[in-house]
Structure formats: C-alpha cells, structure tokens
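Asker: Provided below for reference: sequence and predicted model.
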Amino acid sequence: MRCPNCIMMRNKNIPIFVPHAGCPNDCAFCNQRRITGVMDVPSPDDVARLIRDSLPHMREGDHVEVAFFGGSFTGIPRNTQAALLGAVRPFLRAGQLDGIRLSTRPDYIDVDILDFLAPFGVTTIELGAQSMCDEVLFANRRGHTAADTARASRLIRAHGFSLGLQMMPGLYQDTAARTLATAEALIALAPDFVRIYPTLVLKDTYLADLYETGRYTPLSLEEAVAQCVTLKRMFAAHNIPVIRMGLMASDAICADGDVLAGPFHPAFGELVESAAYFEEIAAQLADVPDGEVEIVVPPHLVSKVVGNRRRNLYAWQRQFPGKRIRIRQDAAASACRVETGIVGSKQCF
Ligand code: SF4
C-alpha cells in the first residue's frame, strides 16, 4: 500500500539487478564474468518479493517502474525474461506499478524482441551505446557498432517505447573530441533521457590489464567532471535530461573495492552540477564592475553553488580579486543571479 500522506509526484524505480550470466561478450570495462556465479539471476519469487517490499515506500501519485538493470536483459534466455517480466504483471494489472524499464545492448534489439517485450508492459528501454565512434567500440571489445545503436534506437522509438541512451566518456582510445561527437550522435537519435558513466577501471577486466601495463590512462576526476559539464549542457540545449552521471558507491559493479582507478566519486553528479554553477556564475561575475558583489542563490542550491568546502567561492575570489564576493540566500529567487553595489545584507556569508 502506498503512503497516503504525500501527493507530490516523483519518478521512482524499483531496481532489480539481473547479471548477464553466460554473456558471450567481453567488454573491456566489464567485470560481469567475474561476478557471474557470485550473483544469481533473481527468481520470479525474488522479483515479486522485492516489489512487495518496495511499494510501501512509494507515495500516492508516484510514477513507479520496475527497472531491470545490470547486464543485457534481452540477451538472457527468453524463458527467463518471460518469467521475470511475468512476475511484474500482477502489480501492473493492480495499478501498483506504471511500467517496466530495462537495459540492454544495441545489437540485442530487433523487431522480434520488441514484439516480445511489449505485451509484458515494458515501457522504457535503455541502450548501452557507450560510444558512437567505431574505433572506440572496437578497442573496447564491445562487439557492436555505432550503426547498431542508431538502428536499435530507431526501432525502439518506432515501437512506442521510451528510449534511454548510456554513454561512457574516457574509454580506451577515446578522446575529448570523440566524446563530444558521441554526444552529438546521441542527440540526433532523440532519446528521452541519457545517462553518463565516466569510465572506471574495475579489477579483473581487460581495461585493468591495459591500465596496469601503462597502455591506458583513465580520465582524472577533474577531466571527467569538466567533460560532463559540457555534455550536460549539450543535452540540455536539446531538452534531453541527463538522469544520471557517474556510478554510485552502492552500485553492484563498484562493490567491495572493485574500482582500481578512474574518476570515481560518491557524489559525482553533484560535483558536475557544482562545476557548472561555477562556470555560469564566473561568466556573470566577469560582466559586472569591481566592488561589492552578491551572488543571490535559492536556499536549496547553496551547497552546490558554493561548492564542497567553499571551493567555488574561494576560486571566484581568487579569479576576481577586485570584487568583494558574498553569497546571499534568497528564498524568493528561482535561479542564481549576480548583483552589485549591495552591502550589509543579513544573510550573506
Ligand atoms: S558490458 Fe554487458 S555485454 Fe559487455 S561483457 Fe558486460 S554484460 Fe556482457
């Protein structure tokens, strides 16, 4: 039963990890082979129990989807897919869930697969595009091409599913230019949303071999943040939401110290947002005269605007030594703005 105390609508997922047991691929960055056998594919009973346990935490009016993630859902045996999807059906019919989302590889999508998924109530399909540069895809042993991603994306949209696309900046043989070209190619496919996962080096992967033998250098945290600021801006310009940036510490793929190297940060998305505010406000500061300057900020944005340990504020103060810069919270403000010639405000810090 959903909590009746709140009517604010939220998009909520009930995540269910489905490892791709027996995946025939060997992508450079993936440790599925290692975790296969450690993590079993959930049973239909597991799925039903997870949903039952999660529903009480949802609020009235939430848009709730079950999200099968982890491997390539459409690559697991068809009867297993049917059993897992079938376990969700009673909750869909009872109106307790709004849909099912799943992630898969571009080359595991065709008309037959989409016709199979639709009657189960699948609403959203996410493709691991990772790059739209064939040289990068080949170097990372992805086993599919950019054309596969384009073809699969068009099929998914033509069949009426929502389309999500995932990209991984910083893969082996990737460059900043190739990452930007990938973003442009993804934008052309008009996804409903995007996830950006800067490449991490996981233990027991080909990428780990490359890293340990000096043939691959992952992005630094600063480089990954800077690239994601640019990417987020590119997608925003086309009204494409970026719903996730970076892996969380709780992600199964990053469990138990599996990350050997790369731009991992437990709050990576916040770092990107904070860096974006830094650039936007620095541009505004450059346009105002020296003297007293206040950055007016809605209260809920203060920590992102000021930055971790006031990093942004100190950097602006260094960059603009002629300006006495302060932050002022303003509950009435809907966005950040820079004001000049104001002194003595009570809420500055
Ligand atoms: S990323 Fe997906 S397709 Fe590639 S090896 Fe891992 S599970 Fe298989």
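Answerer: Received, thanks.

Asker: Is the residue minimising distance to the centre of the chain in a helix, a strand, or coil?
Answerer: Nearest to the mean C-alpha position of the chain, counting by Cα atoms, centre = their mean, stands R244 at 2.3 Å. What DSSP: H, G, I helix; E, B strand; the rest coil gives for R244 is strand.

Asker: and it, what does it touch?
Answerer: The contact partners of R244, taken as Cβ atoms under 8 Å, 6 or more residues apart in numbering, are R195, I196, Y197, G269. Every residue, glycine included, has its C-beta placed from N, CA and C.

Asker: Just to be sure, which of those residues are found in helices?
Answerer: Within the contacts of R244, residues falling in helices by DSSP state H are G269.

Asker: out of the contacts of R244, which are buried?
Answerer: Among those, those classed as buried by 16 or more other Cβ atoms under 10 Å are R195, I196, Y197, G269.

Asker: could those residues be laid out in JSON lines, adding distance to A176 and pLDDT?
Answerer: Output for the buried ones among the contacts of R244, formatted as JSON lines (distance: Cβ to Cβ, whole Å; pLDDT from 0 to 100):
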{"residue": "R195", "distance to A176": "19", "pLDDT": "96"}
{"residue": "I196", "distance to A176": "14", "pLDDT": "97"}
{"residue": "Y197", "distance to A176": "16", "pLDDT": "95"}
{"residue": "G269", "distance to A176": "20", "pLDDT": "94"}
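
Asker: Now distance to the ligand too, for those, in a markdown table please.
Answerer: Shown next, in a markdown table, are the buried ones among the contacts of R244 (distance: Cβ to the nearest ligand atom, whole Å):
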| residue | distance to the ligand |
| --- | --- |
| R195 | 14 |
| I196 | 16 |
| Y197 | 11 |
| G269 | 22 |
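
Asker: how does this structure divide into domains?
Answerer: Taking automatic domain parsing as the criterion, the chain consists of the domains 11-262, 273-340.

Asker: remind me which residues of the stretch 101-250 of the chain are low pLDDT?
Answerer: Residues of the stretch 101-250 of the chain that meet the criterion pLDDT under 70 lie in 248-250.

Asker: before we move on, the earlier item: could the buried ones among the contacts of R244 be laid out in TSV, adding distance to F120?
Answerer: TSV is the format used below for these (distance: Cβ to Cβ, whole Å):
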residue	distance to F120
R195	23
I196	28
Y197	27
G269	31
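
Asker: Take these and keep only those in strands.
Answerer: Applying DSSP state E to those, the entries found in strands are R195, I196.

Asker: Okay, and the closest residue to A276 other than its chain neighbours sits in which element?
Answerer: For A276, ignoring the flanking residues on the chain, the nearest one in space by Cβ to Cβ, 6 or more residues apart in numbering is V229 at 4.8 Å. Element membership for V229 (DSSP states H and E) is helix 221-236.

Asker: How about residues contacting that helix?
Answerer: Residues contacting helix 221-236 (Cβ under 8 Å, 6+ apart): 167, 169-170, 176, 179-180, 183-184, 186-187, 194, 196, 198, 219, 241-242, 245-246, 262-265, 268, 271-272, 275-276, 279.

Asker: quick one on the thing from earlier: mean neighbour count, the domains of the chain: which tops it?
Answerer: Greatest average neighbour count among the domains of the chain goes to domain 11-262 (a mean of 18), per mean count of other Cβ atoms under 10 Å.

Asker: Check the separation of the first and last residues in it.
Answerer: Chord length of domain 11-262, first to last residue, is 30 Å (Cα to Cα, to the nearest Å).

Asker: The stretch 51-200 of the chain against the ligand: which residues are in contact?
Answerer: G71, S72, R105 (Cβ under 6 Å from any ligand atom).

Asker: which residues touch the second one?
Answerer: Yep, that's S72 we're talking about. Listed by Cβ under 8 Å, 6+ apart, the contact set of S72 reads H20, C23, N25, S103, T104, R105, Y108, G128.

Asker: Need the max-distance pair from those.
Answerer: Farthest pair in those (Cβ to Cβ) is N25 and S103. Separation: 14.2 Å.

Asker: Restricted to strands, list the contacts of helix 221-236.
Answerer: Assigned to strands by DSSP E, the following of the contacts of helix 221-236 qualify: M167, V194, I196, V242, M245.

Asker: Next one: the nearest residue to E280 once chain neighbours are set aside from K304, what distance?
Answerer: Excluding the flanking residues, the one nearest E280 by Cβ to Cβ, 6+ apart is C336, at 7.4 Å. Separation of C336 from K304 (Cβ to Cβ, to the nearest Å): 10 Å.

Asker: any shared contact partners between these two?
Answerer: Counting by Cβ under 8 Å, 6+ apart, the common neighbours of C336 and K304 are Y277.

Asker: Give me the distance between the residue nearest to L200 when sequence neighbours are not counted and R337.
Answerer: Closest residue to L200 apart from its sequence neighbours, by Cβ to Cβ, 6+ apart: G262 at 3.7 Å. According to Cβ to Cβ, G262 stands 36 Å off from R337.

Asker: likewise L85?
Answerer: 49 Å.

Asker: Do a quick rundown of the helices in the chain.
Answerer: For the chain, applying DSSP H gives helices covering 32-35, 44-54, 78-93, 111-117, 134-139, 146-158, 176-188, 206-212, 221-236, 268-286, 302-306, 311-319.

Asker: Brilliant, that's me finished.
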